[in-house]
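Trainee: Sharing a sequence plus its predicted fold:
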Amino acid sequence: MITRRDMLLASGGIMIAGGTLTSSTAVADEAKELFFHSTTPNNAEPKLDDLVKSWITPTKHFYVRSHAPNPVIDPKDFQLKVEGMVNRPSSLSLKSLERFKTRSTTATLTCAGNRRSEYNAEGKVGGVQWQSGAIGNATWQGVALADVLKEAELTPDAKHVWFEGLDEIEKGGGIIPFGGSIPIAKAMIASGAGAPLLANSMNGAALTPDHGFPLRTLVPGYIGARSVKWLGRIVVSDRPSPNHYVATAYKIVKKTDPIDWTESGPIYRYPINAAICTPNANTNTKLSTGEIDLSGYVLPTGRPGSTVKKVLVSADQGKRWTEATMVGKDNEFCWQLWNAKVKVTAGTKRLIVRALDTSGGFMPYRVPWNAKGYLQNSWYQLPVQVN
Ligand code: MTE
């Protein structure tokens, strides 16, 4: 796989991450240090050793998941439409959003397809072949979605809020935008760590084109697909969005058949998950016997009140488990990094991590295969060779 850096060095180009924006106020981030699964559109994840260098993921190490090339948006012309089951529909410029209270939150974003490639051992799954790097933890700033909806005055039938991006995705012979949808009860949380934001900033800088400049939703605790980038339209409705990425994609199905799509509901929340990041399959898994250091991440499910209880590692196929120590804030919507030491013996075939949460949730030994390869949270098992 080639990296963005390789491409830029090869072309002698200027390092502008994913940028096609024409406006002078568009901000390009520092060069992405990721490996790219594709570049049109950008789909990329960090090396796992980079991922666990800090609790806040620098933007250069933050995964990118896009279904179409970044749209070209001039912030001067930008308007966010708010319509549907509201008494006061509106069209808001970036300037007019400034009248709402600025809010900031630190939250982890993860793709429902994170760890997808592990399903291939059981049956091939299509889509971006994510390893375990489609996850990152950032500080987001913007305004509360709830504040904007309150001003729009919801009508009594309002039950769901749809989001529509300004990207143009080729699908079924036509062009569609990327869409998301969340229940009204989640949308109306105005403050605290779980409040959905209309974010214009990530890690203290304007959103970069790859991450949704000039405005995106950020829905803490929900799969990344609900955090719609390049947000152009909000629709309040009595039902979930009919957009392909809510009505069909991002569902757990055994087969990609109309019956399966209809029977299965949209995924909102992700389950508890963890991975070993050092050592990792891309660097060195040839180990000598003796004690070694392991590190990784753990993400609790985004349920209010549920946090990580324990992270356990094993080097003997689960006969003995060692508890890892945690680094970072203990919060329902953020990951924590962890460190542990395990004793590698001649019989060690794999290093394993699993985690438990305070509401009885756990990473299972095996997750039933699903056709789109979503929500892989089985024990994370790293094959190793011992000298
Ligand atoms: N929003 C738009 N408009 N288009 C997209 O392709 N991808 C979604 C979501 N929002 C997407 C989008 C998915 S699947 C994920 S996981 C997150 O954005 C990834 O956000 P990031 O690229 O900022 O990491």
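Mentor: Here it is on my side, so go on.
Trainee: mind listing the strands for the stretch 101-250 of the chain?
Mentor: Defined through DSSP state E, counting those that start in this stretch, the strands belonging to the stretch 101-250 of the chain, from first to last, are 102-110, 135-144, 160-165, 169-171, 174-176, 179-183, 197-202, 205-206, 216-218, 231-237.
Trainee: Please list the residues of the chain that sit near the ligand.
Mentor: 62-67, 109, 111, 165, 167, 178, 211, 224-225, 227-230 (C-beta under 6 Å from any ligand atom). Glycine gets a C-beta too; all of them are placed from N, C-alpha and C.
Trainee: Nearest to the ligand: which residue in the stretch 201-350 of the chain?
Mentor: Among the residues of the stretch 201-350 of the chain, residue 224 lies nearest to the ligand; the distance is 2.5 Å by C-beta to the nearest ligand atom.
Trainee: got TSV for the strands of the stretch 101-250 of the chain, with distance to residue 343 and mean pLDDT too?
Mentor: As requested, these are exported to TSV (distance: least, C-beta to C-beta, whole Å; pLDDT from 0 to 100):
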stretch	distance to residue 343	mean pLDDT
strand 102-110	31	97
strand 135-144	28	98
strand 160-165	49	98
strand 169-171	50	96
strand 174-176	53	97
strand 179-183	45	98
strand 197-202	40	98
strand 205-206	43	97
strand 216-218	41	98
strand 231-237	50	98
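Trainee: closest one to residue 34 among these?
Mentor: Within these, the stretch nearest residue 34 is strand 135-144; the backing value is 10.3 Å (C-beta to C-beta).
Trainee: helices and strands around that closest one, which ones?
Mentor: Using 3 or more C-beta pairs under 8 Å, 6 or more residues apart in numbering; DSSP states H and E, the elements in contact with strand 135-144 are strand 102-110, strand 197-202.
Trainee: pretty sure residue 171 contacts residue 244?
Mentor: Yes: in this structure, residue 171 sits in contact with residue 244. The criterion is C-beta atoms under 8 Å, and the distance is 6.0 Å.
Trainee: Quick one: the helices in the stretch 1-150 of the chain, in order.
Mentor: Counting by DSSP state H, counting those that start in this stretch, residue ranges of the helices within the stretch 1-150 of the chain are 4-11, 48-51, 94-97, 145-152.
Trainee: weakest of these by average pLDDT?
Mentor: Between the helices of the stretch 1-150 of the chain, the one with the least mean pLDDT is helix 4-11; it has a mean of 30.
Trainee: could I have the helix or strand that contains residue 259 exported to CSV, CA atoms only?
Mentor: Take DSSP states H and E as the rule and residue 259 turns out to sit in helix 258-263. Taking only C-alpha atoms (Å, rounded to 0.1, in the frame of the first residue of the first chain), the coordinates of helix 258-263 have been written out as CSV:
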residue,chain,number,x,y,z
PRO,A,258,-34.0,-7.2,0.0
ILE,A,259,-35.5,-9.3,2.8
ASP,A,260,-32.4,-9.1,4.9
TRP,A,261,-32.1,-5.3,4.4
THR,A,262,-35.8,-4.8,5.4
GLU,A,263,-35.6,-7.1,8.4
